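K.L.:
Predicted model and sequence follow; I will ask about them next.
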Amino acid sequence: MNAHSTVPFVDLSIQWNQIRSSVLPDMERLFEASAFCLGPWAKDFEQRIAEYLGVRHAVAVSSGSAALHVAVIAAGIVPGDKVLVPTHTFIGTVWGLIYAGAIPVFCDVEPGAGTIDVRDAESKLDEKVKAIIPVHLYGQPADMAAVLDFARRHKLLVIEDVAQAIGARYDGQSLGSLGDFGCFSFYPGKNLGAAGEGGLVVTNDDRSADAMRALRDHGQAQRYVHQMIGYNYRMDGIQALVLGHKLAHLDDWTNQRRQIALRYAEGLAGLPLTLPEIVHGDHVFHLYVVRTQQRDALKGYLEGHGVQTGLHYPIPLHKQPCFADMATAQGRFPVAEEYAGTVLSLPVFAGLTPDQQDRVIDAVRSFFERGDENGR
Ligand SMILES: *Cc1c(COP(=O)(O)O)cnc(C)c1O
């Protein structure tokens, strides 16, 4: 082991080495067929991922944000409608509804899982609210029993943001298949990552699927007949090809993430540090997020000791400058603010070696075991 090399936050070259011998010849076929925009590779990927997730329809698009945008439109959300969203999430969760002219109603999150607090959502309900977007944050399901029950009682549509939780299950079903729509991102660092941008919407509703297929392709179901205002949100053929090859490895890579999380849980036990809890049944550990009041000092210490870390996310949505004038950003969000000030993401990815895991654990332990030096 090289004690001086940095432990990276993520290393995607490990995945590439596992797929390159099958991807390269397939890529030649794709170039020879000039199947660059959607095309047969995208169709094949859609079929395989629909089967993997247990849904009727999978619609491949150009990003997770595009997926959320076409889902919001297909859900019938129109300008002035409101959509309930957690304030502690990546901003990509809300762009789609904002592009559609809807208003995000920010909600606090649960103290254990960091996912949407349905009681807070319920307190913010009015007749303009049409949908709720639970975010399966860090790879852990939101409280879907509560979300689905709440949505049924108030006739709200459920659009799941599964960008961080592909492959996670809730009550025996894949996330993304429980609500009316499930939206995925294949940004390279996600658990299933493209060689560039990519996204997917899944649904069991035939009409919504047809609408989303048209929306992503200039609003046409038939060439040059534009039934609706559309977008260019097509997935690249190359991305579909890469994703198809990676899908075969996803469960193995997810298991590796879970093993690393188990090892961290053992190695970091007993420290004044809040470790991730599996609150709602499953977790695919897109991120391994610990919490401490000494977050900034710990981050600096780890970086000085060769361990890269991340912050997911340091500013909740209701505090983002772009929403400063929004009335729904003015409430109290104590749990989300606590998260923003204390979260720190440690390296977790398929291929992170036991030596590297030990270096992460040792560095965190030594930070807390230095005594008074750490400025407590
Ligand atoms: C990555 C991500 C998105 C957006 O995906 P893009 O592909 O970057 O557009 C949306 N929501 C969450 C929670 C994400 O992590």
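P.N.:
All right, it came through fine. Numbering: from 1, shown residues only.
K.L.:
Now stretch 99-114: buried residues?
P.N.:
A100, A102, I103, P104, V105, F106, C107, D108, V109, E110, A113, G114 (16 or more other C-beta atoms under 10 Å). C-beta here means a position set from N, CA and C on the backbone, and glycine is covered the same way.
K.L.:
What helix or strand is the fourth one located in?
P.N.:
Taking DSSP states H and E as the definition, one finds P104 inside strand 103-107.
K.L.:
Partner strands of that strand and their direction?
P.N.:
Strand 103-107 pairs in its sheet with strand 82-86 (parallel), by DSSP bridges.
K.L.:
how far does the following helix or strand past the strand it pairs with sit from the chain's center?
P.N.:
As assigned by DSSP H and E, the chain's next helix or strand after strand 82-86 is helix 92-99. Computed by C-alpha atoms, centre = their mean, to the nearest Å, the chain-centroid distance of helix 92-99 equals 14 Å.
K.L.:
So which bits of helix 92-99 are buried?
P.N.:
G92, T93, V94, W95, G96, L97, I98.
K.L.:
Make CSV from those residues and add distance to F186 and pLDDT to it.
P.N.:
Output for these, formatted as CSV (distance: C-beta to C-beta, whole Å; pLDDT from 0 to 100):
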residue, distance to F186, pLDDT
G92, 12, 98
T93, 16, 98
V94, 19, 98
W95, 16, 98
G96, 16, 98
L97, 21, 98
I98, 22, 98
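K.L.:
which residue does the stretch 251-376 of the chain bring closest to the ligand?
P.N.:
Using C-beta to the nearest ligand atom, the closest approach of the stretch 251-376 of the chain to the ligand is made by H286 at 7.7 Å.
K.L.:
Packing partners of the helix or strand harbouring V290?
P.N.:
Element membership for V290 (DSSP H and E) is strand 288-291. Packing partners of strand 288-291 (3 or more C-beta pairs under 8 Å, 6 or more residues apart in numbering; DSSP states H and E): helix 250-267, helix 334-342, strand 343-346.
K.L.:
now for these, which one comes closest to F31?
P.N.:
helix 250-267 (25.4 Å; C-beta to C-beta).
K.L.:
Output the strand holding V290 as CSV, restricted to C-alpha atoms.
P.N.:
Taking Å, rounded to 0.1, in the frame of the first residue of the first chain, the C-alpha atoms of strand 288-291 are listed here in CSV:
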residue,chain,number,x,y,z
TYR,A,288,-21.8,7.7,2.7
VAL,A,289,-22.7,10.8,4.7
VAL,A,290,-21.6,11.3,8.3
ARG,A,291,-22.6,14.2,10.4
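K.L.:
returning to that earlier point: name the SS class of the residue of the stretch 251-376 of the chain closest to the ligand, please.
P.N.:
coil (DSSP: H, G, I helix; E, B strand; the rest coil).
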